[in-house]
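**Student:** coordinates only, sequence not included:
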C-alpha cells in the first residue's frame, strides 16, 4: 500500500470512529429526553390475560402512551390496537366508536413500546388505555389511568 492510500485509510478510520461517537451521543441524548408524566396505570385482564404498566408522558411538546418492558398480552388476537377509552373500565365487548380513539396497531405482544397521541386528542376525556381487538370488538386488557389527566395539556 502506498503512502497516499495509507493516509486515506487512516483519515477514513478517524472519521468513522468520530461518527460512531456522535451516533452514540445522539442515542444517549434521545434516551435522556426530559419527560413529564401525565398519567399511569397497571394493566388488568379482560377477555385475555394482559399485564404490565402503562404511562402517558409529554416529551418535547408531544404526548405518548408508553407500555413498559413488563407489558404482555395474548397473541391470539388478529387485529389488536392500543386505544384510549372514555371510562376507567372499558366493556369486554361492544365498544362504540364515539367512546375511544385508536393510537394504532399493537406493535408486539410483549415488551416496551410507545404510541404517539394526536395533538387534537383531549386527554381529560379518557380514563383508560386498552388493548382492543378490532375484528371481534373485544377488550383484551385495560389499565385505568391515575395521575393528573385532568391537568394534561390539550
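**Tutor:** Received, thanks. Small disclaimer: the values here were computed from a predicted structure and weren't measured.
**Student:** What about residue 56, how many residues nearby?
**Tutor:** When counting by other CB atoms under 10 Å, one arrives at 25 neighbours for residue 56. C-betas here are computed from N, CA, C, even on glycine.
**Student:** Show me what it bridges to in the sheet.
**Tutor:** Following DSSP bridges, residue 56 is listed with bridge partners residue 39, residue 65.
**Student:** Would you point out which residue is most central in the chain?
**Tutor:** What sits nearest the mean C-alpha location of the chain, by CA atoms, centre = their mean, is residue 114, with 1.4 Å.
**Student:** Give the buried residues for the helix or strand hosting that residue.
**Tutor:** For residue 114, the enclosing helix or strand under DSSP states H and E is strand 113-117. By neighbour count, with 16 or more other CB atoms under 10 Å as the criterion, the buried positions of strand 113-117 are 113, 115, 117.
**Student:** List the neighbouring strands of that strand plus their orientation.
**Tutor:** strand 62-67 (antiparallel).
**Student:** Touching the strand it pairs with from outside, list them.
**Tutor:** With contact meaning CB atoms under 8 Å, 6 or more residues apart in numbering, strand 62-67 is reached by 38, 52-57, 82, 84, 103, 111-117, 121, 123, 129, 152-154.
**Student:** pLDDT of that strand, averaged?
**Tutor:** pLDDT averaged over strand 62-67 equals 98, rounded to a whole number.
**Student:** And for stretch 72-80?
**Tutor:** Along stretch 72-80, the predicted local confidence has a mean pLDDT of 95.
**Student:** And it, what's buried?
**Tutor:** In stretch 72-80, counting by 16+ other CB under 10 Å, buried: 72-74, 77, 80.
**Student:** if we can go back for a sec, quick one: the residue nearest to the centre of the chain and residue 99, what's the gap?
**Tutor:** Between residue 114 and residue 99 the computed distance is 23 Å (CB to CB, to the nearest Å).
**Student:** that older thread, ok, so of the buried residues of strand 113-117, who is nearest residue 88?
**Tutor:** Nearest to residue 88, judged by CB to CB, of the buried residues of strand 113-117 is residue 117 at 17.9 Å.
**Student:** That closest one contacts residue 57, doesn't it?
**Tutor:** No - between residue 117 and residue 57 there is no contact under CB atoms under 8 Å: 9.8 Å.
**Student:** Beta-bridge partners for the residue nearest to the centre of the chain, please?
**Tutor:** Partner residues in beta bridges with residue 114: residue 66, with DSSP bridges as the criterion.
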